[in-house]
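Engineer: requesting a structural model of the entry that follows:
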Amino acid sequence: MNFGFDILTHVNFRHSYFDNEMTNCFLVEPTAETSLVLRNYSIIFKNKKSGFMLAYEAYNNQNIRTKDSIISLTDKLKFTVTLKDYLFFNYTSVDSINIANRVFYFHNSFENDNLLHLNNYVTEENLFPTEEISPELFVKPFAIIELQLNKVKTDQYYINFQEKSSYWRYLLVSDHFKTLTNPAVLNPLINFSGPKEVTLPDNSKALSFESDVPISIKQKSDKQFQLVENYDNINGKGKVIIKNLPHPNVNIISKLNTTQDRVYSEIII
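Structural biologist: Below is the predicted model:
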């Protein structure tokens, strides 16, 4: 008796925040109805670190089964996605405010792509009212993935999330740093305005340096920022106080007053 399974397709989550773009933020499960379909067609579902895999039994009742026989079926497979990382929206470009009553909806109806969404990255356009996508579900998932078998055209599907970009704001709170003479934050490509005195939530004062443009937040970044004093605006140099300033901590949300059209990341020194 022959046994064995061949790959139908993989669905992979990728996130540009992470070094290798692989993320372990999600748990995927087939719905009850889909579990029955998988069982009837001898298709197995298997979670993996960054997504899941579908494989079909290559021999059934002593008959060889081909991939073409599977993708000729008209059934739809539906999967719920649970978010495991509560910090996800701290480093992801999509705004969490818009997800309270909506779910991400990903599907393979795009004929010429291996993405389960239209744009290069997931956007708010992929959010839909929960009752519109899955009215039968009692608990709202993070996302719904729907695969129509007769539209499976690739061995690898991808769902791509993009890292968040924010205005970085260095806050000098130490008395030592607040007494520096003509301090500045330097980077060859990104300008920081300041210093500017700001009031912190506890009513203490700090010196603030703010990037002129949003900067992407990465798990590991090759960008380097220096704190200097005695800064000479003409030659762009000064005495180095901190050679490599820290980057934003995704555990921390900005608590300072901000303008509505700007997202800030605070780094306290």
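Engineer: could you use CA atoms for every contact and neighbour count after this?
Structural biologist: Will do.
Engineer: tell me the secondary structure for residue 176?
Structural biologist: Here residue 176 is recorded as helix under DSSP: H, G, I helix; E, B strand; the rest coil.
Engineer: helix or strand next in line after the one helix or strand in the chain whose mean pLDDT sits lowest, which one?
Structural biologist: Least confident element among the helices and strands of the chain, by mean pLDDT, DSSP states H and E: strand 59-60 (a mean of 74). Per DSSP states H and E, the first helix or strand lying C-terminal to strand 59-60 is strand 63-64.
Engineer: pLDDT averaged over that next one - what is it?
Structural biologist: Taken as a whole, strand 63-64 carries a mean pLDDT of 79.
Engineer: go ahead and name everything in contact with that strand.
Structural biologist: By Cα atoms under 8 Å, 6 or more residues apart in numbering, the residues outside strand 63-64 that reach it are residue 58.
Engineer: likewise for stretch 177-193?
Structural biologist: With Cα under 8 Å, 6+ apart, stretch 177-193 has contacts from 172, 194-195, 206-207, 209-213, 224-231.
Engineer: filter those down to the buried ones.
Structural biologist: 172, 194-195, 206-207, 209-211, 225-229, 231 (16 or more other Cα atoms under 10 Å).
Engineer: for those residues, which one is nearest residue 72?
Structural biologist: residue 211 (54.1 Å; Cα to Cα).
Engineer: now the nearest residue to residue 263 once chain neighbours are set aside, what's its secondary structure?
Structural biologist: In this structure, residue 263 finds its nearest non-sequential neighbour in residue 166, 5.1 Å apart by Cα to Cα, 6 or more residues apart in numbering. Here residue 166 is recorded as strand under three-state DSSP.
Engineer: gap between residue 166 and residue 216?
Structural biologist: For residue 166, the distance to residue 216 equals 7 Å [Cα to Cα, to the nearest Å].
Engineer: residue 15 pairs with what?
Structural biologist: On the basis of DSSP bridges, residue 15 is bridged to residue 161.
Engineer: one step back: so what's the residue nearest to residue 263 up against?
Structural biologist: Contacts of residue 166 (Cα under 8 Å, 6+ apart): 213, 214, 215, 216, 217, 262, 263, 264, 265.
Engineer: ok, residue 225 next?
Structural biologist: Residues in contact with residue 225 (Cα under 8 Å, 6+ apart) are 185, 186, 187, 243, 244, 245.
Engineer: what sits up against stretch 144-152?
Structural biologist: For stretch 144-152, the external contacting residues (Cα under 8 Å, 6+ apart) are 9, 70-81, 103-109, 111, 133.
Engineer: go again using 7 Å as the cut-off
Structural biologist: Contact partners of stretch 144-152, identified using Cα atoms under 7 Å, 6 or more residues apart in numbering, comprise 71-81, 103-109.
Engineer: how about stretch 157-165?
Structural biologist: The set of residues external to stretch 157-165 that reach it, using Cα under 7 Å, 6+ apart, is 10-17, 91-93, 114-116, 121-122, 214-218.
Engineer: inside helices: which ones of those residues?
Structural biologist: Among the contacts of stretch 157-165, no member falls in helices (DSSP state H).
Engineer: in the chain, which helix is the longest?
Structural biologist: Longest helix of the chain, by residue count under DSSP H: helix 32-40.
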